[in-house]
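Q: From the sequence below, what's the structure:
(one chain, ligands or ions: 1)
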Amino acid sequence: MRKAEHRFSGKTVESFFDASFSDIVQYSNAAKIILITDANVHDHHKEKFAGYVVITIPAGEENKTQQTTDFIIENLLEHEADKQTLIIGVGGGMVTDMAGYAASIYKRGTRLGLVPTSVLGMVDAAIGGKNGINIGLYKNMVGTVFQPEFILYDYSFLDTLPVKEWINGFAEIIKHACIKDKILFSMLERYTLHQIQADKTLIAELIEKNAAIKMEVVMADEYEKADRKLLNFGHTIGHAIENLHKLPHGHAVSIGMVAACNLSEKMNGLHFQEAQRVVKLLAQYHLPVDIETDHTQVFKVLKRDKKREDNSMHFVFLNSIGEAQARKIPLNYLQETLKSIL
Ligand SMILES: NC(=O)c1ccc[n+]([C@@H]2O[C@H](COP(=O)([O-])OP(=O)(O)OC[C@H]3O[C@@H](n4cnc5c(N)ncnc54)[C@H](O)[C@@H]3O)[C@@H](O)[C@H]2O)c1
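A: Residues are numbered from 1 along each chain as shown. Model prediction:
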């Protein structure tokens with residue numbers, strides 16, 4: 001086990017890398033623990049949950065709702081959870097978001113720990129304290145920023161993660177490499193997904209490196225005023241396509257990153273010339289790099305994006321692989337160029 005500590009406003013977050021879920025009591029120092037997981041993770045890892053109070057929610061993004069939050073809260077009440085109870089979310093990003101949200105509002109805040117079980121959860125969703133639920137089609141429209149006390153990484157959960165979820169997670173890993181770490185980018189170029197899945201040391205190294213990237217960006221900017229925006233690389237156009245085509249998030253982000261790279265090559269003042277290298281790496285990890293779409297519709301959805309400010313949009317560009325910058329661009333420029341970048 002390797003431990004890292006990060007100090008946020010009001011809370012220290014401990015990360016336990018390469019740890020064992022069976023040692024959770026030792027790490028958590030709580031008289032009462034309630035686990036929240038989803039039905040898939042529960043079914044795959046029944047033995048790990050034996051002996052705990054577990055609230056099992058239905059799996060899937062469509063269940064990341066107020067209704068599921070109410071279900072969790074009713075169960076917490078039934079189990080007489082109080083403010084000292086430690087709630088631990090054990091699952092992918094959907095579960096850690098839901099557990100974080102429920103813990104932050106139940107009795108105005110209980111204790112929280114997270115055990116991410118998907119690649120995406122480990123390198124992204126469990127880190128940073130943001131949580132949320134969807135309201136109809138609006139993703140993460142309601143939520144809070146609430147840091148967990150700890151994040152425990154037990155890589156044995158990944159043994160049962162479906163390959164499509166690995167691929168989804170690698171979209172965020174490649175994003176991290178693009179915006180912050182050219183050495184990581186070169187490392188990813190040297191492997192296939194299959195080689196990584198088969199090599200526990202490599203998995204541990206990759207997860208830890210990526211968790212550190214996300215943690216550092218978030219630490220520098222807990223409330224998303226500057227650097228944290230860089231994490232949106234590929235996500236502006238990505239979200240629009242995800243909505244329109246009902247694509248898996250990682251697929252949409254992959255296509256969004258290609259569009260953002262193409263736009264970076266076109267932008268005055270930027271000297272980015274490596275869009276094709278990014279395209280090649282995404283394809284190497286089985287991610288889609290283009291899509292047949294209706295550009296008018298994409299622009300319609302883009303206009304509703306949270307990152308819009310009057311007639312411009314905050315957009316993340318690459319200066320080079322490993323270095324990104326956020327800039328505002330006029331909406332009409334985005335509309336004009338959309339056809340040539342997507
Ligand atoms: N809070 C944040 O900062 C943040 C950042 C990125 C994403 N997110 C959120 O994360 C969610 C996406 O995360 P995700 O891709 O992990 O989705 P998810 O939690 O829906 O997991 C994907 C699927 O994999 C299954 N699964 C998870 N771990 C498993 C395991 N070990 N074995 C077998 N099956 C397993 C789940 O049951 C689900 O069916 C979205 O809701 C997104 O909004 C949050």
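Q: Settle this for me: Phe315 is touching Arg327, isn't it.
A: Yes. Using Cβ atoms under 8 Å, Phe315 is in contact with Arg327, at 6.2 Å. No exception for glycine: its C-beta is placed from N, CA and C like everyone else's.
Q: of the two, who's got more company?
A: Per other Cβ atoms under 10 Å, whichever of Phe315 and Arg327 has more neighbours is Phe315, with 24 against 14.
Q: From start to finish, how long is stretch 60-74 in a straight line?
A: Chord length of stretch 60-74, first to last residue, is 20 Å (Cα to Cα, to the nearest Å).
Q: chain center to it: distance?
A: Relative to its parent chain, stretch 60-74 has a centroid offset of 19 Å by Cα atoms, centre = their mean, to the nearest Å.
Q: Tell me the buried residues in that stretch?
A: Asn63, Lys64, Thr65, Thr68, Thr69, Phe71, Ile72, Ile73 (16 or more other Cβ atoms under 10 Å).
Q: Surely the first one and Met94 touch.
A: Yes. Proximity of Asn63 to Met94 meets the contact threshold set by Cβ under 8 Å, at 7.3 Å.
Q: Now do the shared contacts for those two.
A: Contact with both Asn63 and Met94 is made by residues Asp38, according to Cβ atoms under 8 Å, 6 or more residues apart in numbering.
Q: which of the buried residues of stretch 60-74 come close to the ligand?
A: Lys64 (Cβ under 6 Å from any ligand atom).
Q: and the host helix or strand of Arg327, C-alpha only, in PDB?
A: Element membership for Arg327, per DSSP states H and E: strand 323-330. What follows is strand 323-330, C-alpha atoms only, in PDB (Å, rounded to 0.1, in the frame of the first residue of the first chain):
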ATOM      1  CA  GLU A 323       0.300  21.300 -22.500                       C
ATOM      2  CA  ALA A 324      -3.200  22.800 -22.700                       C
ATOM      3  CA  GLN A 325      -4.800  26.200 -22.400                       C
ATOM      4  CA  ALA A 326      -8.400  27.400 -21.900                       C
ATOM      5  CA  ARG A 327      -9.500  30.300 -24.000                       C
ATOM      6  CA  LYS A 328     -12.800  31.900 -24.900                       C
ATOM      7  CA  ILE A 329     -13.800  31.700 -28.500                       C
ATOM      8  CA  PRO A 330     -16.700  33.400 -30.300                       C
END
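Q: Tell me the gap between it and the middle of its chain.
A: Put simply, strand 323-330 sits 21 Å off its chain's centre (Cα atoms, centre = their mean).
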